[in-house]
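turn this into a model:
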Amino acid sequence: MIPHSEPTDTSDAGYAAFVSAGWNRYLWTASLLTGDRHQGEELLQECLVKLYTKWRRVARGGDPHAYLRRMLVNGNVSWWRRRRREEPVAQAPDWYDSRSAPVEPHDALQRAVLRLPRQQRAVIVLRYFEDLTEKDAAAVLGCSVGALKSTHSRAMAKLRAESALLEIHG
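Below is the predicted model of the structure:
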């Protein structure tokens, strides 16, 4: 977890330092949320632009890391809703069939996480990658701790079931 007990510099240099220090972590988070590195990068850049316009207020008033995580989750939901309205095609022009590539254990886990419904995926990313407590993850997602635990339980059951299938067929 990125520590945030120190007061945050509200200047442009403080914003640049915040982005520089957290870029790789938040790019990975955004990529896991969207399921695609390029979309993750686009989501992160979009959120960072919005964060910059509010930087002084956010840096002065609280935890910019939590604020950015919330922006990433909300931005991903908005992107997902827009995408649902688009007309899907059977195959993208430069489509890659990942099933034909050799499977590494972490690749299988990543693909399993990406197959989770977006809310379950967000819970797994926030709890295990961002290492947030249940209370903090629930705050980022705007739900109760009980709802987070329920979603977490369903996500873990799906991942366990998929893991068992991989062991049987692997």
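
mind checking the longest helix of this structure?
Ranked by number of residues, the top helix in the chain under DSSP state H is helix 145-169.

quick check: closest non-adjacent residue to Leu33.
The shortest distance from Leu33 to any residue other than its chain neighbours is 4.5 Å, reached at Asn76 (CB to CB, 6 or more residues apart in numbering). C-beta: built from backbone N, CA, C; applies to glycine.

ok, now which ones touch that neighbour?
Taking CB atoms under 8 Å, 6 or more residues apart in numbering, we find Asn76 in contact with 30, 33-34, 43, 118, 122.

equivalent analysis for Gly35, please.
114, 121.

among the contacts of Asn76, which ones are in strands?
Judged by DSSP state E, the contacts of Asn76 include no members of strands.

of those residues, buried ones?
30, 33-34, 43, 118, 122 (16 or more other CB atoms under 10 Å).

name the nearest of those residues relative to Lys54.
Lowest distance from Lys54 to the buried ones among the contacts of Asn76 (CB to CB) belongs to Leu43, with 17.0 Å.

check what pLDDT the closest residue to that closest one other than its chain neighbours gets.
Using CB to CB, 6+ apart and skipping residues adjacent in sequence, the residue nearest Leu43 is Ala30, 4.6 Å away. Note for Ala30: predicted pLDDT of 91.

residues in contact with Ala30?
39-41, 43-44, 47, 72, 76.

could you pull out the buried residues of the lowest-mean-pLDDT helix or strand in the chain?
When the helices and strands of the chain are scored by mean pLDDT, DSSP states H and E, helix 105-115 comes last with a mean of 77. Buried residues in helix 105-115, counting neighbours by 16+ other CB under 10 Å, are found at 112-113.

any idea of the angle that helix forms with helix 145-169?
130 degrees (axes from the mean of the first three to the mean of the last three CA atoms, to 10 degrees).

restricting to C-alpha, output helix 105-115 in CSV.
The C-alpha coordinates for helix 105-115 follow below in CSV (Å, rounded to 0.1, in the frame of the first residue of the first chain):
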residue,chain,number,x,y,z
PRO,A,105,0.2,-20.0,-13.9
HIS,A,106,0.0,-16.3,-13.4
ASP,A,107,-1.4,-15.8,-16.9
ALA,A,108,-4.2,-18.3,-16.1
LEU,A,109,-4.9,-16.4,-12.9
GLN,A,110,-5.0,-13.1,-14.7
ARG,A,111,-7.4,-14.4,-17.3
ALA,A,112,-9.6,-15.9,-14.6
VAL,A,113,-9.7,-12.5,-12.8
LEU,A,114,-10.5,-10.7,-16.1
ARG,A,115,-13.5,-13.1,-16.7
